[in-house]
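Chemist: Structure for this input, please:
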Amino acid sequence: MSAALQALLGDLAAETEVLSEVLTGLDPDRWEYATPADGWSVRDQVSHLAFFDQAAVTAATDPDVFCVDAAALVELGPQFPDVVAERFRTMPVPELYTWFAAARADLLSTFAAFDGNERVPWFGPSMSVMSSATARLMETWAHGQDVYDTFGLSRPPTARLKHIAHLGVRTLGFSFLLNERELPELPVRVELLAPDGSTWTWGEPEAGDVVRGSAEDFCLVVTQRRHPLDTDLVVTGSTAAAWISIAQSFAGAPGRGRDAIGPYLKESS
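Modeler: Numbering: from 1, shown residues only. Next up is the predicted model:
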C-alpha cells in the first residue's frame, strides 16, 4: 500500500467514525426520520453506504462479477439507488448498523491490500483504487451531511474536505457530460479557504473564471447538499457559473440538487 493510499484510508476511517458516533446515539425510531434527500430516511442513507461499500469491494476483488451486478442495477433505470434503498427498509436497525460497520471495515481492509493505482470498474468510467476510496469518503461525508441536517446538528470542517474538493474539481467535465452540455473551453480556477485558514487552489492563476469561498461550502455544492445561493461561494465568469449550477462529484444520473433556502436549513444549525 502506498503512503498516499494509507493516508487516504486513515481519513476515510476517521470520517466513518464521525458518522458512526451520531448513528450509535440514535433511537431506532429516529432512523426512520425523513432526511433532506427526497424520499430518503436516515436508514436509507446508511443502507446506501453499506450497499455501495460492498459493491466497491466486489469491483476491486472480482470485477467480472461487479460488472454483471452493475449492469443489472443500471437496467432498473437512472433512479436505481432508490430501488436499492427500498430493498432494505424492513431491515431491523441493529442489523442495518452492523451491516454498515462490517461493510466499511471490509472496504478498508480490502483497499489496504492495493497500491492505489490499480484500475477498478464502477458505474460509468473505471477509476483507480485511490479514486474509489476518495469517492467512498465523499459519499460518507455527503450522506452524513443529510443525517446531520435531519437533526439540526453541526459538524466541524476538517482537512479531510480537501479530498472531496479535489474530486469536485476533477469532475467538472463529468458534470457537463452528464447533463449533455458541451464541454467548456475556458479554464476555471478554484480558490478555497481551508479549515486551518490556509488556501487550497486548483487551476491557473490567470484564469478569468474563478470559484472562491470556503472549502466546506464548495464541498456542499459539488455533492449537491446545498444550493450555491445558500453558501458563501463567489463565482466569476459564465463557465464557472454554468459549472457550479450543475456540479456533481458523484456517479449516477444527474442530480437535481437542493432548492435554495430549503427545509434542511435548521434554525439550530
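Chemist: Show me the domain layout of the chain.
Modeler: 3-150, 161-246 (automatic domain parsing).
Chemist: I'd like to know which of these is closest to residue 252.
Modeler: Nearest to residue 252 among these is domain 3-150; the distance by CB to CB comes to 6.5 Å. No exception for glycine: its C-beta is placed from N, CA and C like everyone else's.
Chemist: picking up where we left off before, and the domains of the chain as CSV, adding mean neighbour count?
Modeler: Formatted as CSV, the domains of the chain follow (neighbours: other CB atoms under 10 Å):
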stretch, mean neighbour count
domain 3-150, 17
domain 161-246, 18
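Chemist: Rebuild those as JSON lines, extending it with distance to residue 254 and mean pLDDT.
Modeler: As requested, the domains of the chain are arranged in JSON lines below (distance: least, CB to CB, whole Å; pLDDT from 0 to 100):
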{"stretch": "domain 3-150", "distance to residue 254": "8", "mean pLDDT": "96"}
{"stretch": "domain 161-246", "distance to residue 254": "5", "mean pLDDT": "96"}
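Chemist: Can you add distance to residue 253 and give these back as CSV?
Modeler: Output for the domains of the chain, formatted as CSV (distance: least, CB to CB, whole Å):
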stretch, distance to residue 253
domain 3-150, 3
domain 161-246, 8
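Chemist: those strands in the stretch 51-200 of the chain, which residues are they?
Modeler: 119-122, 124-128, 188-193, 199-202 (DSSP state E, counting those that start in this stretch).
Chemist: Quick check: which element contains the residue lying closest to residue 184 once chain neighbours are set aside?
Modeler: What sits nearest to residue 184 in space, not counting adjacent residues and going by CB to CB, 6 or more residues apart in numbering, is residue 239, at 4.4 Å. Using DSSP states H and E, residue 239 maps to helix 238-246.
Chemist: Enumerate every residue touching the residue nearest to residue 184.
Modeler: Contact analysis of residue 239 by CB atoms under 8 Å, 6 or more residues apart in numbering lists 184, 186, 188, 209.
Chemist: Now residue 231. Nearest residue, chain neighbours left out?
Modeler: Nearest non-adjacent residue to residue 231, counting by CB to CB, 6+ apart: residue 217, 3.6 Å away.
Chemist: Can you say which helix or strand has the one you found in it?
Modeler: Using DSSP H and E, residue 217 sits in helix 215-222.
Chemist: Give me the contacts around that helix.
Modeler: So helix 215-222 is in contact with 141, 145, 157, 161-162, 164-165, 167-168, 171, 190, 192-195, 200, 211, 226-228, 231-233, 244, 247-249, going by CB under 8 Å, 6+ apart.
Chemist: cool, and stretch 197-212?
Modeler: Contacts for stretch 197-212 (CB under 8 Å, 6+ apart): 162, 165-166, 169, 186-194, 215, 218, 233-240, 243-244.
Chemist: switch the cut-off to 10 Å
Modeler: 159, 161-162, 165-166, 168-170, 172, 184, 186-194, 215, 218, 221-222, 228, 232-244, 247 (CB atoms under 10 Å, 6 or more residues apart in numbering).
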